[in-house]
Every structure is written in structure tokens, then in C-alpha cells.
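Undergrad: okay, sequence plus prediction incoming.
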Amino acid sequence: MTAWTRRSPIGAELASIGEPGVHVRVWAPNSTKIALVIESRTPREIVLGREPGGYASAFVPGLAAGDRYRFRIDDGAQLFADPASRFQPDGPFGSSQVIDPSEFAWTDAGWRGIEPDRHVVYELHAGTFTRAGTWAAASVELPFLAELGVTTIELMPVAEFAGDRNWGYDGVNLFAPEHVYGAPDDLRRFVDRAHQLGLAVILDVVYNHVGPSGNSLAAFAPEYFHHDRANDWGDAMNFASPPVREFYSENAAYWISEFHFDGLRLDATQAIHDASDDHIIAAIARRARAAAPGRRVWLVAENDPQDTALVCELGLDAMWNDDFHHTARVAATGVIDGYLHDYRGTAYELVAAIRHGFLYQGQVCTWQRNPRGTSTRGLAHARLVHFLENHDQVANFGFGERLVELTDPARFRALTAVLLLSPSVPMLFQGQETGARRPWRFLCDHEGELALAVRRGRASFMSQFQRFATAEVQAKRAEVAELGNPCALASFTACILDPAERDFARPVVALHRDLLRLRREDPAFTRAAPDAVDAAALDADALVVRYHGDTGFADRLLLVNLGPTFHRAVVAEPLVAPPAGTGWRLAWSSEDPRYGGHGTLPPFTRERLSIPAHAALVCVPDPVASLHVDPPPPTGDKVAVDP
């Protein structure tokens, strides 16, 4: 081996000093012979030398960036891609390519990332975000997101998958950016452009399973998998094995170091099983942060049981809050079915989610027939990510319709205000900000028995929703290709967004931009401290959120009504009381005609508090708006007169 030190313990790396060439290293503990098959320029095979711990390696002089290679195991006829391949130009069944990450000229030397409580997340799928479905095409749209007020792009998984289309969770070459979206430097260029615009980029990574087609890990080492512990997608990963732990923790560091990602979103962490004293998620978190000295790294988890140990003990920064989504969806649609069984969509639930995050913190959840959730006591609001839509939730219901199609426009605007002005980190799913009506459905590109298995699996999943299990719905899903067959090309093309909708003249786009501007520029909305925000229900449909500023004049009041017009002569709720010597003046309304609304009268008068139906209002303190009577009315018997 040469004198230089490898950056990563696995994969193919160019020599940084000394003799030109490439050093390759792979873990294959059960084989007697591993050969590197060089497939470009002068094809040849080189037997790798054995190392302790089951590794095999070799330095190959003259091998250079762009050269292609695969591995032969024990003189077998089949050739395999590198488990740590940096690029698969022809997909997972083709050759791996040597990549030189130093060739890219970064321009983000001054970039330090986003402060933890300033994230506004935008979930983006590279294949459907633009008609071209490439990094280059997506880069052109980044100024729109920056102007909208997004701070952080969350890319759905980009690891190489089998076929030409996938929603990303079938990745099999975990170090290789999907070749359909472009070359590795195209992804670097996307991240670099985002940083130029002040946008962070985090990557959704899948560390709980690998895709069902094209993965070669088992050929090198069955020990990658925990064969007696399956999850919803197949065998779990065997994190009791040090080389497996190394593979995944290095993968996290690789994306952050070589592609300048600002963090990771860890998919379905409840399926990442590890009984080690040092949990693999904690190891991944440390390694990810170490890969970005001087730069903020933001690590987010999806976790169905809602276990706050991820942030309290394992070193992650935030978690998705499915409870907020579930109650908000019921509030929007009125539909209670499937895993929405234990939610009612009331103002009481929305207030609890705003104040406490998780609605279930150890109580029994009847749908799961078990206690659900853990305590969020002491957690800052910025530890939880709230959303009205995400890739799972849109695809899981009905025919993949967007929420804007399933509720009335006014209610959609009001719930958008709740999301974007609440103290937790808000997340938008691509197209939500434009009111897109293009559906979002489960996408893949498999063939034969695997394609049939995928169709059966999705049908089985959908059967938990009683309405969708009816004969007429199943017949429609079978009749329409993009509904019943995730592998159909039509399933993919139906989901591609129309870039023409990214227009700030559109009322729904202006709504999102204005709310995010409020969140960013008004100091009352930028505070994330638990004691800076409080909320209360006024009845089952209406709620109030009070934002406490540094002075009374900096206070803000968010009034939300998801039911019929709210009229109340007396409101015995202290959060509604204005600061001393002031009253409340209307500053913003979701019923503004600019957003498609029908206008708003002042909510506070001497006679009543009134909130329009399906509306959200922001009020600010104003001495001119004070309702104080001076001098007070004469003393004596008084008879209350309701308006």
C-alpha cells in the first residue's frame, strides 16, 4: 500500500500523493478469493490481498477517475458492483466507476449552515420535481424556493436503485447517487447552488433495509443482514457487526463530507435494531458531525413509536411528529379511518400538538393496541417537525390526492397558517406550496414476480383503510394503471409537477410566501423557547395561540377557526387578553382576497370576538384599538346585554 491515508475505509479511492492509481477495499469475510475486474482501457483482473477482519484490498497503479470495475468472488461467473461504489453509470447491475471528488470546484467555503430553530423544510423528490427529473433541472428552480422562504431542502433518498424510477426507498448502492438524475458532480452542483442561495440541503437516508432488486451486499457478506429479525421491508441490518456499523456510519460521513450535505433525515428508525451499548444511531450522529467541522449538521428522525430517546440520548436534533399530521388531516377532511383511528381533529388536539408536540406520550393507542409515544417534557419546539403532507401520507390515502383537493380552500389556508406560524419546525411536501393537484403515489420500476409482489403489498397495506378495501375502490385501482400498478410508467408521469405553477401571482403561493415572511421577520414568531408560546382551545373548532414578545407590544395573537363563524360576547381565556393599555388590531388574515378569501372584519369589538369560518387571523397590539371605557359606566345595578 502507498504512503497516503484513505479517507474512507471502504470503496475505490484515488491516491492523493505519490504514484497515481486507485486503492480499493471491500469487506468479504467468507470468500477465499476476491478479484478486481477492471473493465475500461486495458481489461484485466487483479486478486486483492487479504487483511484482518475479513477485508480485501489492493493498490492499482494507473487506474484513474472514470475507469470502470466490478468484483469477482471465488472465481464465480457473476460480477458484482462495489458495495461502496461512488457511481453506477448503468444502474446497480452494471459497472462501478472510479470518482474523483476533488475535481469539483466548490464555492461555499463561507457556508456554515442553518441555526437549529430556523429551519423551514421542503421535501423534494428529484425525479418528479421537474419534467426533466435531473439535478440540473432542479437547480434552476432553487431561487423560487429561496424566495418562498424555505431554508432547508430535504432530498428524498438518492441512492442508486433498480430501474429508471423510484420514490427512493429501494436504494441498493448506498454510496452512489442515482444515475438517472445525473452524475455525482451534478448533485454537488445542486448543493453548491443551494448554498449560494442560503438554502441548506439534508439527505433522506435509508439505513433500516435495502431494496429488493440489485443489491450485492449479501454476495460479499451475508453478515450484513439480521436474517432472523425482519422488518416491514425485509431483513433488518446486522448492526452487531463492526464492519456493518462502519459501512453505515461511513456512508453518513460520506454524504456530508464529499457532497456538503447539511444533515440527514433517517428513515423509519424504529426498524434500525441495535442492542449495542453504543447504539448505531448515536455512532452515525457522531460520525456525521465529525465530517463537517465548522458547519452545522442537522439530524432528523422518522420514528413511528415516537421515542424521544433519539434526541434525548442518541444525539439527533429533531423528530417528525406524525401526531400533528394525523389530527390536522382529520381536521381538514373529517375522515377517520385506518391509522387515523385515534384522532378527532379538534381544536383541543391541535392546541395540545402546538404546546406539547406528541399527542400520545405513553397513553394506550387503540389502533396499535399498545401505549404510544414518549414524553416531550423539556424539549424545545425546534426538536419536532410538523407537516400537513409528506411523501408517505399523501401516497398512503386513496388515490394519492393532495390535501388541497380533499378540503375546502379556506380550511386549507387556515391549517397552512397553523403549520407555518407554529413554533415547531414546519415542513412542506413538494407542490403543497403551489396548491398542486398532481397526485403523489408509490413509485417503482420492477418487473415480473417482484412487480406482482409490490402490487400485492400495496393492496395489503391499503386494506387497513376500510373505504379503500371496498370492492368498488379496488376495482377502480385495478382499472386505472397509475392507481393499481406502482410499476407502471403512468404512475410516475402522473406525479411530475408543473413548473409553471411556481408563480407568486398564484394566491396559494403568495399565501405561503407571506406566512413564511411573517415567521422569518416578525420577532414574535422567530422565538422557539417553550415559554414564549402558549395556546388554548376556545371551543372544539376554534383556538388561540399567543406569542409572547420581549415587551407587550411585541406580542402576537393567532386566532384560528376551523368551524362555522365564531361569535362570542365573552371569552374567559386569558391568552386573548391584550397587553395593558392596548387592544388587538388585525394584521393578517387567511381570508384576504389576495389568497382567494372573502375579506375580514375586525375580530375584536366592544360587543364580541368574531372569527370567520375556516380562517386564521394574526393580531398585533395597538393602543388605538383599546376597548377600555373612560370614564367607566355609572355604578349600580347592571344588566348584561348580549349582542
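TA: Structure received.

Undergrad: skipping adjacent residues, who's closest to Arg329 in space?
TA: Leu340 (6.6 Å; C-beta to C-beta, 6 or more residues apart in numbering). To be clear about C-beta, it is placed using only N, CA and C from the backbone, and glycine gets the same treatment.

Undergrad: tell me who's in contact with the one you found.
TA: Residues counted as contacts of Leu340 (C-beta atoms under 8 Å, 6 or more residues apart in numbering) are 326, 329-330.

Undergrad: a markdown table for those residues, including secondary structure, neighbour count and distance to Ala569?
TA: Shown next, in a markdown table, are the contacts of Leu340 (DSSP: H, G, I helix; E, B strand; the rest coil; neighbours: other C-beta atoms under 10 Å; distance: C-beta to C-beta, whole Å):
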| residue | secondary structure | neighbour count | distance to Ala569 |
| --- | --- | --- | --- |
| His326 | helix | 22 | 34 |
| Arg329 | helix | 23 | 33 |
| Val330 | helix | 20 | 30 |
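
Undergrad: what residue ranges in the stretch 151-300 of the chain score low on pLDDT?
TA: 229-233 (pLDDT under 70).

Undergrad: okay, helices next: where are they in it?
TA: Ranges of helices in the stretch 151-300 of the chain, per DSSP state H, counting those that start in this stretch, are 184-196, 217-220, 242-258, 280-290.

Undergrad: now stretch 371-391: buried residues?
TA: 372-374, 376, 379-391 (16 or more other C-beta atoms under 10 Å).

Undergrad: picking up where we left off before, so for Leu511, which of the helices of the stretch 151-300 of the chain sits nearest?
TA: Ranking the helices of the stretch 151-300 of the chain by proximity to Leu511 (C-beta to C-beta) places helix 184-196 first, at 23.7 Å.

Undergrad: from the chain's centre, how far out does the closest one sit?
TA: 19 Å (C-alpha atoms, centre = their mean, to the nearest Å).

Undergrad: output the contacting helices and strands for that helix.
TA: helix 135-140, helix 142-148, strand 200-205 (3 or more C-beta pairs under 8 Å, 6 or more residues apart in numbering; DSSP states H and E).

Undergrad: so how far is the host helix or strand of Gly457 off the chain centroid?
TA: Per DSSP states H and E: Gly457 is located in helix 448-462. Relative to its chain's centre, helix 448-462 lies at 25 Å (C-alpha atoms, centre = their mean).

Undergrad: distance to Gly597 and mean neighbour count added to the helices of the stretch 151-300 of the chain, as CSV?
TA: Formatted as CSV, the helices of the stretch 151-300 of the chain follow (distance: least, C-beta to C-beta, whole Å; neighbours: other C-beta atoms under 10 Å):
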stretch, distance to Gly597, mean neighbour count
helix 184-196, 33, 21
helix 217-220, 54, 18
helix 242-258, 43, 21
helix 280-290, 44, 21
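
Undergrad: closest to Ser8 out of those?
TA: Across those, closest to Ser8 is helix 242-258 (C-beta to C-beta), at 5.2 Å.

Undergrad: tilt between the closest one and helix 280-290?
TA: Calculated by axes from the mean of the first three to the mean of the last three C-alpha atoms, to 10 degrees, helix 242-258 forms an angle of 30 degrees with helix 280-290.

Undergrad: list the contacts of helix 242-258.
TA: Contacts of helix 242-258 (C-beta under 8 Å, 6+ apart): 7-10, 27, 29, 53-55, 83-84, 101, 174-175, 203, 205, 207, 221, 223-224, 237-239, 261-264, 276, 280, 283-284, 286-288, 290-292, 297.

Undergrad: then stretch 573-582?
TA: Contacts for stretch 573-582 (C-beta under 8 Å, 6+ apart): 534-536, 538, 544-546, 552-553, 555, 557, 584, 609, 621-623, 625-626, 628.

Undergrad: which of those residues count as buried?
TA: Restricting the contacts of stretch 573-582 to buried positions leaves 534-536, 538, 544-546, 555, 557, 584, 609, 621-622, 625-626, with burial counted as 16+ other C-beta under 10 Å.

Undergrad: and Phe412, what is it in contact with?
TA: So Phe412 contacts 332, 403-404, 435 (C-beta under 8 Å, 6+ apart).

Undergrad: buried subset of the residues you listed as a ChimeraX selection?
TA: A single ChimeraX command selects the buried members of these (16+ other C-beta under 10 Å):
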select :332,403,404,435
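
Undergrad: Pro593 versus the closest residue to Ala417 other than its chain neighbours, what's the distance?
TA: Sequence neighbours aside, Ala616 is the residue nearest to Ala417 in space, at 3.6 Å (criterion: C-beta to C-beta, 6+ apart). In this view, Ala616 and Pro593 are 15 Å apart by C-beta to C-beta, to the nearest Å.

Undergrad: more crowded one of those two?
TA: Ala616 (28 against 11; other C-beta atoms under 10 Å).

Undergrad: for the more buried one, name its beta-bridge partners.
TA: Val560 (DSSP bridges).

Undergrad: picking that back up, so what pLDDT did the residue nearest to Ala417 get?
TA: Each residue has a pLDDT score; the one for Ala616 is 98.

Undergrad: can you check Val570 too?
TA: Looking at Val570, the pLDDT reads 88.

Undergrad: now do the one 3 residues further on
TA: The predicted structure scores Glu573 at 96 on the pLDDT scale.

Undergrad: same thing with His628?
TA: pLDDT at His628 comes out at 79.

Undergrad: the one 5 residues further on too?
TA: As summarised for this prediction, Pro633 has a pLDDT of 64.

Undergrad: with distance to Arg131 added, can I get the helices of the stretch 151-300 of the chain in a markdown table?
TA: Formatted as a markdown table, the helices of the stretch 151-300 of the chain follow (distance: least, C-beta to C-beta, whole Å):
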| stretch | distance to Arg131 |
| --- | --- |
| helix 184-196 | 16 |
| helix 217-220 | 34 |
| helix 242-258 | 26 |
| helix 280-290 | 33 |
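
Undergrad: out of the ones you listed, the one nearest Glu472 is which?
TA: Among those, the nearest to Glu472 by C-beta to C-beta is helix 217-220 (42.3 Å).

Undergrad: and the closest one, what does it pack onto?
TA: Partner elements for helix 217-220 (3+ C-beta pairs under 8 Å, 6+ apart): strand 68-73.

Undergrad: quick revisit: mind giving me CSV with the helices and strands packed on helix 184-196 and columns for distance to Thr493?
TA: Shown next, in CSV, are the helices and strands packed on helix 184-196 (distance: least, C-beta to C-beta, whole Å):
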stretch, distance to Thr493
helix 135-140, 15
helix 142-148, 22
strand 200-205, 23
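
Undergrad: any weak-confidence spans in the stretch 501-643 of the chain?
TA: Residues of the stretch 501-643 of the chain meeting the criterion pLDDT under 70: 527-530, 630-643.

Undergrad: all the strands of it, residue numbers only.
TA: Assigned by DSSP state E, counting those that start in this stretch, the stretch 501-643 of the chain shows strands spanning 533-537, 542-547, 556-561, 566-568, 583-589, 609-611, 615-622.
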